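no sequence on hand, only this structure:
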């Protein structure tokens, strides 16, 4: 009973934090758009794209989870659990393409030498405000023991790192070396694109039936053998991933 209560409390905390972070991302989307317009900074635009893609992926994942939980079992006898992993691939592809396009634009700005960032006080204040709020939420997530909070904390940590890099490069580009701004955008977008594309490459094998881990194979083999005393031996067994579970 105590463990069930703890699990329910953890789930409530996960839902609360997810809603808070989603609301924060909506607010920061508008704030980062304003900062991008004011600063003409490629680094700040890269932070805006990251924010916009976070919201897009969040909506896609939530929609897929809703669809899975509301599956008509007559039409989908095995359920629609694969939607979750498909949504991950779709989100990763969107993130990768968006950031690659930003990398190309930043490289073109460097080649044509058309860089004129303006890291004004309003721009700096907007970015610092977003970073500060994310740090507070990160501390709250890391103080909780639930897996959901830890995952959200990891996402917040990446957002903080990209925002810090964007802000630093925008300021350096404005006051010292203009090319630091598009270079910062390339660094931020490369980090995001590589992270999400790596996620795609690790997810695809689960979709196409990769062999399960040895621990899973041993567990299923033991269950099969111990299922009935009449079972003396097993000639052949295949255990593979089908979606996100073996």
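Cool, the structure landed. As the structure is a computational prediction, the values presented were derived from the model and not from experiment.

buried ones in the longest helix anywhere in the chain?
If you go by DSSP state H, the chain has its longest helix at helix 2-39. For helix 2-39, burial by neighbour count (16 or more other C-beta atoms under 10 Å) applies to 10, 13-14, 17-18, 21, 24-25, 28, 31-33, 35-36, 38-39. (Each C-beta comes from the backbone N, C-alpha and C, glycine too.)

just stretch 167-175 next, same as before
The neighbour-count check on stretch 167-175 (16+ other C-beta under 10 Å) flags 167, 169-174 as buried.

now the element after the lowest-mean-pLDDT helix or strand in the chain, going C-ward?
Every helix and strand in the chain was compared by mean pLDDT, DSSP states H and E; the lowest is helix 2-39, with a mean of 77. Next helix or strand after helix 2-39 toward the C-terminus (DSSP states H and E): helix 42-69.

which strands and helices lie in contact with that next one?
Other elements packing on helix 42-69 under the criterion 3 or more C-beta pairs under 8 Å, 6 or more residues apart in numbering; DSSP states H and E are helix 2-39, helix 82-112, helix 121-143, helix 147-175, helix 180-207.

of those helices, give the one that comes closest to residue 61.
Closest approach to residue 61 among these is made by helix 82-112 (5.3 Å; C-beta to C-beta).

same question for that closest one, mean pLDDT?
Helix 82-112 shows a mean pLDDT of 83.

which residues does the closest residue in space to residue 141 that isn't next to it in sequence contact?
Using C-beta to C-beta, 6 or more residues apart in numbering and skipping the chain neighbours, the partner closest in space to residue 141 is residue 153 (3.4 Å). For residue 153, the contact set (C-beta atoms under 8 Å, 6 or more residues apart in numbering) comprises 138, 141-142.

and this structure, what are its domain boundaries?
The chain breaks down into these domains under the TED database: 1-208, 211-245.

about what we covered before: let's have the helices and strands packed on helix 42-69 in JSON lines, adding distance to residue 65.
Compiled in JSON lines, the helices and strands packed on helix 42-69 are given as follows (distance: least, C-beta to C-beta, whole Å):
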{"stretch": "helix 2-39", "distance to residue 65": "11"}
{"stretch": "helix 82-112", "distance to residue 65": "7"}
{"stretch": "helix 121-143", "distance to residue 65": "20"}
{"stretch": "helix 147-175", "distance to residue 65": "12"}
{"stretch": "helix 180-207", "distance to residue 65": "16"}
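
of all the ones you listed, which one is nearest residue 71?
Checking the helices and strands packed on helix 42-69 against residue 71 by C-beta to C-beta gives helix 82-112 as the closest, at 8.8 Å.

what residues sit buried inside the closest one?
For helix 82-112, using 16+ other C-beta under 10 Å, the buried residues are 82-83, 85, 87-88, 90-92, 95-96, 98-99, 102-103, 105-106, 109-110.

then stretch 56-66?
Buried positions in stretch 56-66, judged by neighbour count with 16+ other C-beta under 10 Å: 57-58, 60-61, 64.

any weak-confidence spans in the chain?
1-11, 14, 78-79, 81, 145-148, 150-151, 206, 242-246 (pLDDT under 70).

50 - rerun?
The model of the chain has pLDDT under 50 over residues 1, 245-246.

what's near enough to touch the most centrally placed residue in the chain?
For the chain, the residue nearest the mean C-alpha position is residue 155 (6.0 Å; C-alpha atoms, centre = their mean). Residues counted as contacts of residue 155 (C-beta under 8 Å, 6+ apart) are 21, 54.

gap between it and residue 102?
19 Å (C-beta to C-beta, to the nearest Å).
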